[in-house]
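J.: Sequence first, then the predicted structure:
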Amino acid sequence: VSAFPGVVGSYVHGSVASGALIGRSGCVVAISTGEEPPTEEQQAELIPMAKRLAMHVTAARPKYLNADAVPADAVAAERALLLEQASSSGKPPEILEKMVDGRMKKFYAENTLMHQTHLVEPDGPVVSKALEEAGKRLGLPLSVEGFVLYQAGDE
């Protein structure tokens, strides 16, 4: 993953020694700052923010960056499963669709980084809102370009 201009943050969980870059799991997160590179002052806030986001990814293990990154067949399969489950309620079709829509929001909140509640930031905002607020504070259009989650034993 990369972000230019921007910053890349990383986190290693369960490191074998203080400061070691080897552990049970870890993550690298790339945050873009739009067209302009961040100033030193902005970087001083962005780098720890990127590390906190990498910590979040390591703990929450999102499968996708955002709703657009979820493959269409995965969305269709999830909707079909949820519709089948909701159908047993005996509610009318228009109510079933609303039930499925609500459950799909939960699916995205569990599986996409940008829809998850941030586990490391104070007061636990949704990741997209935390990024938006930081961007306003810093005067930068922040966006997560991507992340890579590593697990010991994963292929």
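T.: Right, received. Where do you want to start? Everything quoted here is computed from the prediction, not taken from an experiment. Numbers count the residues shown, from 1 in each chain.

J.: So which elements touch the helix or strand hosting Leu83?
T.: Per DSSP states H and E, Leu83 falls inside helix 72-87. On a contact count with 3 or more C-beta pairs under 8 Å, 6 or more residues apart in numbering; DSSP states H and E, helix 72-87 meets helix 93-111. Yep, even glycine has a C-beta here, placed from its N, CA and C like the rest.

J.: Could you pull out the buried residues of the helix holding Leu83?
T.: Buried positions in helix 72-87, judged by neighbour count with 16 or more other C-beta atoms under 10 Å: Glu78, Arg79, Leu82, Ala86.

J.: which among these gets closest to Val120?
T.: Closest approach between the buried residues of helix 72-87 and Val120, by C-beta to C-beta: Glu78, at 27.1 Å.

J.: Measure how buried the residue nearest to that closest one when sequence neighbours are not counted is and give me the count.
T.: Once flanking residues are discounted, Glu78 sits nearest to Phe107: 5.4 Å by C-beta to C-beta, 6 or more residues apart in numbering. Phe107 has 20 neighbours, counted by other C-beta atoms under 10 Å.

J.: how near is Phe107 to Asp101?
T.: 10 Å (C-beta to C-beta, to the nearest Å).

J.: any idea where the strands of the protein begin and end?
T.: 6-13, 25-32, 143-151 (DSSP state E).

J.: Which among the ones you listed is found nearest to Val120?
T.: strand 6-13 (9.4 Å).

J.: mind checking pLDDT for the one residue sitting closest to the centre of the chain?
T.: Centroid-nearest residue in the chain: Leu113, 1.6 Å away (criterion: C-alpha atoms, centre = their mean). Note for Leu113: predicted pLDDT of 97.

J.: Now it. Nearest residue, chain neighbours left out?
T.: Pro62 (4.1 Å).

J.: what's near enough to touch the one you found?
T.: Pro62 makes contacts with Asn111, Thr112, Leu113, Gln116, Phe147, as judged by C-beta atoms under 8 Å, 6 or more residues apart in numbering.

J.: ok, for the last one, nearest residue in space, not its chain neighbours?
T.: Nearest residue to Phe147 in three dimensions, chain neighbours excluded: Val29, at 4.6 Å (C-beta to C-beta, 6+ apart).

J.: could you check the distance from that neighbour over to Pro5?
T.: Counting by C-beta to C-beta - Val29 and Pro5 are separated by 15 Å.
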